[in-house]
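Asks: After the sequence you'll find the predicted model.
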Amino acid sequence: MTATFDDIMASIGIDETPAGWREAWEEAQAAFPGDVPFLTDDFIEDACRFCAHPEDIRRELLRAAAQIREDPGLSRAAWFLHQLYYCNPMPPGSEVFTWPFVANALAWPQAMIAALVLLAGVPRLRALHAVRGIPEEVTRDTLRDIEVWMRHFRRSYGYWGLKNMGWPTNHFAGRLYRLGRLEFIHTEYHGPARAFLHRETGRVVTLWGGEAKIRRDGYIDGTNDIFDEETWALDFNMSEDIAEGCLINPVGLVTQQRVMLPLAEWRPALLPGDPVIDIHIPEDGKMDFDDCGESLRQAQAFFLRHFPERSPAVAFVCGTWFFDAQYQQLLPPTSNILRFQREFYLHPLLSHDREAFWRVFGELPDGLANAPRDTALRRAMLDFKASGGLLRSAAGFCLIDGMEWGAGRYQGDR
């Protein structure tokens with residue numbers, strides 16, 4: 001008797017499934033090939049060779065695939081997830097993050113199904129990039145995230161697997177590209193900053209255009225789970241002649257200083273809908289400052305060459321845990337992440353220090369006294385937390401017009 005959808009999901013460790021999965025299962029199984037192509041040793045060897053996966057990753061992928069091939073239920077589940085993930089168009093990452101294969105830490109080898117499904121997309125992505133004339137080196141570097149996420153899973157759970165399938169929709173849909181140290185997405189700007197460039201001096205002034213309420217300390221209400229009884233909503237107005245709003249300090253604080261900019265003297269440099277290059281930072285290496293600058297230079301040329309139909313980006317944008325300006329008091333000025341931060345005009349994000357601790361420690365330390373103190377960054381964060389300090393994330397932009405990496409263009413104006 002063939003196992004049912006419910007039986008197979010239960011055997012994987014999934015008790016509840018999203019709406020529509022039962023119908024999608026039937027459709028996927030109607031096309032089930034018997035021997036799943038991406039679970040064969042030859043396919044995995046070829047994909048690992050292209051991705052330059054090290055021996056331990058290759059070995060674990062082969063070992064898991066062998067067990068999954070021998071289990072009819074797991075083979076069908078792997079095929080089902082593949083059909084869900086690589087449909088046209090690909091599902092949004094926000095939806096994929098909720099899938100049980102992703103939201104739950106499954107047992108081994110079930111936890112490797114997601115990794116094998118991502119690896120299955122290697123030929124598809126190579127073909128997609130080839131149409132654009134994108135070098136295979138870029139494709140290979142972009143796929144390095146598969147190894148990154150597998151290692152992250154192993155550090156967190158003690159065995160091999162992968163949970164992150166939501167973020168890779170950007171990779172496999174051809175939106176994200178790794179160029180050197182950093183990853184980039186050419187997109188539209190939707191942040192709260194409204195930046196203006198003085199037509200003669202090149203000075204940049206930024207006004208707050210977000211809808212969130214601002215606390216008296218200049219951060220978004222609710223940051224670090226702190227709410228202020230006296231907040232204010234800040235109006236931004238722009239006409240043909242004037243832009244008016246509250247000033248954002250370059251280190252990321254919204255002020256109550258209301259500024260009026262005559263557009264005859266100040267031209268808009270970053271507004272909603274403008275083309276931007278969104279920066280993402282893989283966790284598999286040091287943030288060498290010069291390497292990061294080289295990545296940004298590569299990104300400008302890359303999108304102009306391979307996506308000529310798109311409007312040239314007006315700025316680089318980034319949101320990250322280490323854009324908290326408080327690190328300027330916690331770390332030496334030679335710190336790579338601090339030097340990176342100082343190249344951007346910052347603005348606040350609704351955030352908490354959980355993100356910073358998760359990124360730096362892999363998880364939230366149960367007790368600060370027992371947390372590892374093996375790097376200057378970890379020691380600084382733990383000491384700051386122990387003293388009652390609260391870290392937070394922030395975002396920022398770096399205008400491409402007049403950009404000179406290493407000049408500290410914005411924060412030097414304070």
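Replies: Nice, thanks for sending it over. Numbering: from 1, shown residues only.
Asks: going forward, measure contacts between C-alpha atoms and count neighbours the same way
Replies: Noted.
Asks: Go through the helix or strand residue 257 falls within and flag the buried ones.
Replies: Residue 257 belongs to strand 254-262 when assigned by DSSP states H and E. Buried residues in strand 254-262, counting neighbours by 16 or more other Cα atoms under 10 Å, are found at 254-255, 261-262.
Asks: go on, stretch 396-414?
Replies: For stretch 396-414, by 16+ other Cα under 10 Å, it's 396-400, 405, 408-411.
Asks: next one: stretch 232-244
Replies: Result for stretch 232-244 [16+ other Cα under 10 Å]: buried residues 234, 236, 243-244.
Asks: One more: stretch 164-171?
Replies: In terms of neighbour count (16+ other Cα under 10 Å), stretch 164-171 has its buried residues at 164-166, 168-171.
Asks: Can I get the residues you listed in CSV including distance to residue 76?
Replies: Listed next are the buried residues of stretch 164-171 as CSV, based on distance: Cα to Cα, whole Å:
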residue, distance to residue 76
164, 21
165, 18
166, 21
168, 22
169, 22
170, 25
171, 25
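Asks: Just the ones of those residues in strands?
Replies: Within the buried residues of stretch 164-171, no residue falls in strands by DSSP state E.
Asks: one step back: quick check: the farthest pair among the buried residues of stretch 396-414?
Replies: 400 and 411 (16.1 Å; Cα to Cα).
Asks: quick revisit: kindly reformat the buried residues of strand 254-262 as a markdown table containing distance to residue 29.
Replies: Shown next, in a markdown table, are those (distance: Cα to Cα, whole Å):
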| residue | distance to residue 29 |
| --- | --- |
| 254 | 54 |
| 255 | 58 |
| 261 | 62 |
| 262 | 63 |
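Asks: Can you list the residue ranges for strands in the chain?
Replies: Under DSSP E, the chain gives strands at 176-179, 182-188, 193-198, 204-208, 213-214, 232-233, 237-238, 242-248, 254-262, 266-270, 275-280, 315-320, 345-348, 394-399.
Asks: Show me what the fifth one is packed against.
Replies: Spelled out, it's strand 213-214. Counting contacts by 3 or more Cα pairs under 8 Å, 6 or more residues apart in numbering; DSSP states H and E, strand 213-214 is packed against strand 232-233.
Asks: residue ranges with poor pLDDT in the stretch 51-200 of the chain?
Replies: The stretch 51-200 of the chain contains no residues with pLDDT under 70.
Asks: Count the residues that sit near the residue lying closest to residue 86 once chain neighbours are set aside.
Replies: Once flanking residues are discounted, residue 86 sits nearest to residue 121: 7.9 Å by Cα to Cα, 6 or more residues apart in numbering. When neighbours are defined as other Cα atoms under 10 Å, residue 121 has 18 of them.
Asks: now residue 121: how far from residue 51?
Replies: With distances taken as Cα to Cα, to the nearest Å, residue 121 is found 12 Å from residue 51.
Asks: again with residue 111
Replies: 20 Å.
Asks: circling back: quick one: the residue nearest to residue 86 and residue 172 touch, right?
Replies: Yes - counting by Cα atoms under 8 Å, residue 121 does reach residue 172; the two are 7.0 Å apart.
Asks: wait, doesn't residue 183 sit right on residue 284?
Replies: No - the pair residue 183 / residue 284 is not scored as a contact, 11.8 Å apart, by Cα under 8 Å.
Asks: Looking at these two, which is more packed in?
Replies: Higher neighbour count among residue 183 and residue 284: residue 183, with 21 against 13, using other Cα under 10 Å.
Asks: tell me the contacts of the spatially closest residue to the more buried one that is not a sequence neighbour?
Replies: Counting by Cα to Cα, 6+ apart, the nearest residue to residue 183 once its immediate chain neighbours are dropped is residue 280, at 4.9 Å. When contacts are counted by Cα atoms under 8 Å, 6 or more residues apart in numbering, residue 280 is found next to 182-184, 318.
Asks: can you pull the pLDDT of residue 280?
Replies: Predicted confidence (pLDDT) for residue 280: 97.
Asks: now swap in residue 289 and tell me
Replies: The model's pLDDT for residue 289 equals 96.
Asks: now what about stretch 383-390, what contacts it?
Replies: 224, 330, 353, 368, 391.
Asks: The first one contacts residue 353, correct?
Replies: I take that to be residue 224. Yes - using Cα under 8 Å, residue 224 and residue 353 qualify as a contacting pair, with a distance of 6.8 Å.
Asks: Those two: which has the busier surroundings?
Replies: Neighbours were counted for residue 224 and for residue 353 using other Cα under 10 Å; residue 353 has more, 20 against 17.
Asks: Roughly how far does that one sit from residue 347?
Replies: Residue 353 is 16 Å from residue 347, by Cα to Cα.
Asks: Repeat that for residue 133.
Replies: Using Cα to Cα, we find residue 133 at a distance of 36 Å from residue 347.
Asks: Comparing the two, which residue is more hemmed in?
Replies: More neighbours surround residue 347 than the other of residue 133 and residue 347, with 30 against 12 (other Cα under 10 Å).
Asks: With residue 181 as the reference, measure out to that one.
Replies: 24 Å.
Asks: and residue 180, what does it touch?
Replies: Here residue 180 is in contact with 141, 291-292, 294-295 (Cα under 8 Å, 6+ apart).
Asks: Buried ones among the residues you listed?
Replies: Neighbour counting by 16+ other Cα under 10 Å classes 141, 292, 295 among the contacts of residue 180 as buried.
Asks: Just give the nearest non-adjacent residue to the first one, would you?
Replies: Residue nearest to residue 141 in three dimensions, not counting chain neighbours: residue 178, with 5.8 Å by Cα to Cα, 6+ apart.
Asks: Make sure that neighbour is actually in contact with residue 184.
Replies: Yes - if you go by Cα under 8 Å, residue 178 and residue 184 touch, sitting 6.4 Å apart.
Asks: Can you read off the pLDDT for the closest residue to residue 351 other than its chain neighbours?
Replies: Leaving aside its chain neighbours, residue 351 sits nearest to residue 223 (5.1 Å; criterion: Cα to Cα, 6+ apart). With respect to pLDDT, residue 223 has a value of 95.
Asks: What of residue 366?
Replies: 66.
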